[in-house]
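Visitor: dropping a prediction and its sequence here:
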Amino acid sequence: MITFEAVTKRYPDGTVAVDALNLEVPEGRTMVLVGPSGCGKTTTLRMINRLVEPTQGRILLDGTDVKSRNPAQLRRGIGYVIQQTGLFPHRTVEDNIATVPVLTGWPRKKARARARELLALVGLDQELAKRYPHQLSGGQQQRVGVARALAADPPVLLMDEPFSAVDPVVRASLQDQLLSLQSELRKTIVLVTHDIEEAIKVGDVVALFRPHGTLAQVAPPEELLAAPADDYVAGFVGFDRGIRRLSFVPTAGLVLDASPVLPADVTVAKALGAGQPWICVTDADRRPRGWAEAAALAGTPADTPLGQVATEPVGHTFTVGTDSLRAALDAAVLSPAGQAVGVDSDGRVLGVATFDQIRAAIQAAGTPAADARLDQRIPEGPRS
Amino acid sequence: MMWSWIPGNWSLIWHLTWENAKLGVLPALYGLVLSLPLGVIAARWRWFYPPVLTVINILYAVPSLALFIALIPAFGLTDTTVIIALTVFSLCVILPNVVAGLRAVPAPVRQAATAMGYGQLRRLVTVELPLAVPLIIAGLRVGVVSGISLASVGQLIGVSSLGYLFIDGLQRSFPTEIYVGLVLVIALALVCDLILVAVRRVLTPWTAGPRESRRARAGRLVKVAG
């Protein structure tokens, strides 16, 4: 656990970067420090490993004032990842990763073996081990940076805008990887970003800074979206926070209707008899084939099986239980029928949900309870 | 050109070449040894460098012969005089490169090293100096080549070097000697330069282009040509 007690950083020219900050980073959680540039978030981060010394106040790491520790010793126990990666250009990938183990006196062979393990952990090919950093892509370099920070298995990881320098696709995959690593490793992570989307995606708790180093709100992401403390927070979080909040609401409470779902061997006559404006046609395994519009089937011979009529693509479906209401709403918006197709984990159709049913589920969910939030995170799964 | 003069004076030529090499290379190495600590100080304490650079530039402006003469009262007509003077000149070209090399270490790299738990000395020796090697060797190359060329001037105060061939050739109106001296000075400089390039390649394997990217570059060129 990291605790800031009334920490102030004032520079010699009088600029106050951080102003009487009180903050607690819970053990094994990811806390994201977010805010506009010049809000003191990076200064706050760097005070933890004493790259910057506070003017006033104390920072406790597991109850010990960091100031009482030897800086080099302290830093070897804290992983550090920065935007420009800071990889050593003159060392191979494996020697970069092995940096801290070697510093703490591991034999080189053992340190390199550890580096290979980490390479695998961050999803990089073993053959990259002997390359130099400049021979890697930006995303690969950033993964090596994360591997290097994790090499000595430190309990604390500091990340300063780690994914800001890569393109959005790579950034998303790096964020996903951080989430999966974190679910396994349970490090105490402090991550600085200026991107509120990133904060909401990777943070267990988000600390939103105002300019000049004070806190506007510290809350789990869903609470930040549902109940911003003031106009500053609401403005920073953005105008579509209502929809984004749905990422945190499970689809478990959504009522599904199975009656418009019919298999391909049912005849057109029977399908029209069901009285639905749209029919979701499935194959023998109950996997979705497409939407058929009742109005368009009027001229089709009555004994034609549904498998032979023209259908419109389903678009994406949502997985009941693991996907969020945001995924369900998005599926409904993109569906030609205006209905979201819910599937089980094997991709078999369970039923469909209309806008009205989704709205009812949103209202039933209400404002998420503030204390139950941490363990209710819905990871954004892949969308089929 | 009298080719037969060469085999007849083989041992003289060899002796002068060796002396010239010594007088050219040793000062550059001494200059490097002096430049490293000075460069480290200058890179760390910025106020230190401008006055040092001013002094160095003034010294570099002094003609080599004048500097030899100025040193004679203290060191006589000896190798030492030439070596000290040339060390000063090599310092003038190597030190700025050491400073530039250390300053060119990217700030994120330096910051990451500190954040990983490097002490200052260890960071300097294992991160900053290795990264400065390409620029330091670039300075050393200029120092060695100019040292080899300036060493021949030492002949004017009686210190053996290939300069002997120029003076003797001129006095005896015997151009063969001058040509041989000229070719040997250039050849010596070239050989030393190539050795330093090889040393840099060995010390900085990371600066070699990756095979992939060379292939990619070739592919690009082919595409442009096609």
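Guide: Received it, and whenever you're ready, just let me know what you need. Numbering: from 1, shown residues only, chains lettered A, B, ... in the order given.
Visitor: quick check: residues of chain B near chain A?
Guide: Where chain B comes near chain A, counting by Cβ under 8 Å from any Cβ of the partner chain, the residues are B:106, B:108-109, B:111-119, B:122, B:127, B:130-131, B:204-206, B:210, B:212-213. In this view, the C-beta of every residue, glycine as well, is placed from N, C-alpha and C.
Visitor: any of those buried? List them.
Guide: For those, burial is judged from neighbour counts taken by 16 or more other Cβ atoms under 10 Å in any protein chain shown, and it is met by B:108-109, B:111-118, B:127, B:130-131, B:204, B:206.
Visitor: show me the residues of chain B next to chain A that map onto strands.
Guide: Secondary-structure check on the residues of chain B next to chain A using DSSP state E: no residue lies within strands.
Visitor: now, those that are in helices?
Guide: Of the positions in these, B:108-109, B:111-116, B:122, B:130-131, B:212-213 sit in helices, assigned by DSSP state H.
Visitor: for the residues you listed, which one is nearest chain A?
Guide: Proximity to chain A was ranked across those by Cβ to the nearest Cβ; first place goes to B:Ala112, at 2.8 Å.
Visitor: grab the nearest non-local neighbour of that closest one.
Guide: Residue nearest to B:Ala112 in three dimensions, not counting chain neighbours: A:Gly86, with 2.8 Å by Cβ to Cβ, 6 or more residues apart in numbering or on different chains.
Visitor: list the buried residues for stretch A:291-310?
Guide: In terms of neighbour count (16+ other Cβ under 10 Å), stretch A:291-310 has its buried residues at A:Trp291, A:Ala292, A:Glu293, A:Ala294, A:Leu297, A:Thr300, A:Leu306, A:Val309.
Visitor: gap between the fourth one and B:Arg172?
Guide: If I follow you right, that is A:Ala294. A:Ala294 sits at a distance of 115 Å from B:Arg172 (criterion: Cβ to Cβ, to the nearest Å).
Visitor: quick one: A:Ala328 and A:Gly342 touch, right?
Guide: Yes - the criterion here is Cβ atoms under 8 Å, and A:Ala328 meets it with A:Gly342 at 7.1 Å.
Visitor: who's in contact with the most centrally placed residue in chain B?
Guide: Closest to where the C-alpha atoms of chain B average out (Cα atoms, centre = their mean) is B:Gly143, at 2.3 Å. For B:Gly143, the residues meeting the contact criterion (Cβ atoms under 8 Å, 6 or more residues apart in numbering or on different chains) are B:Pro27, B:Ala28, B:Gly31, B:Leu32, B:Phe89, B:Ser90, B:Val93, B:Ile94.
Visitor: also A:Ala269?
Guide: Residues in contact with A:Ala269 (Cβ under 8 Å, 6+ apart) are A:Ala302, A:Asp303.
Visitor: and if you look at B:Gly24?
Guide: By Cβ under 8 Å, 6+ apart, the contact list for B:Gly24 reads B:Leu86, B:Val144, B:Val145, B:Gly147, B:Ile148, B:Ser149, B:Leu150, B:Ala151, B:Leu188, B:Ala189, B:Cys192.
Visitor: which non-adjacent residue is nearest it?
Guide: B:Ile148 (3.2 Å).
Visitor: can I get the ones in helices among the residues of chain B next to chain A in JSON lines with distance to A:Ser259 and pLDDT?
Guide: Putting these into JSON lines (distance: Cβ to Cβ, whole Å; pLDDT from 0 to 100) gives the following:
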{"residue": "B:Pro108", "distance to A:Ser259": "60", "pLDDT": "94"}
{"residue": "B:Val109", "distance to A:Ser259": "64", "pLDDT": "96"}
{"residue": "B:Gln111", "distance to A:Ser259": "63", "pLDDT": "94"}
{"residue": "B:Ala112", "distance to A:Ser259": "60", "pLDDT": "95"}
{"residue": "B:Ala113", "distance to A:Ser259": "66", "pLDDT": "96"}
{"residue": "B:Thr114", "distance to A:Ser259": "66", "pLDDT": "96"}
{"residue": "B:Ala115", "distance to A:Ser259": "61", "pLDDT": "96"}
{"residue": "B:Met116", "distance to A:Ser259": "62", "pLDDT": "95"}
{"residue": "B:Arg122", "distance to A:Ser259": "72", "pLDDT": "94"}
{"residue": "B:Pro130", "distance to A:Ser259": "72", "pLDDT": "96"}
{"residue": "B:Leu131", "distance to A:Ser259": "70", "pLDDT": "96"}
{"residue": "B:Glu212", "distance to A:Ser259": "58", "pLDDT": "45"}
{"residue": "B:Ser213", "distance to A:Ser259": "60", "pLDDT": "47"}
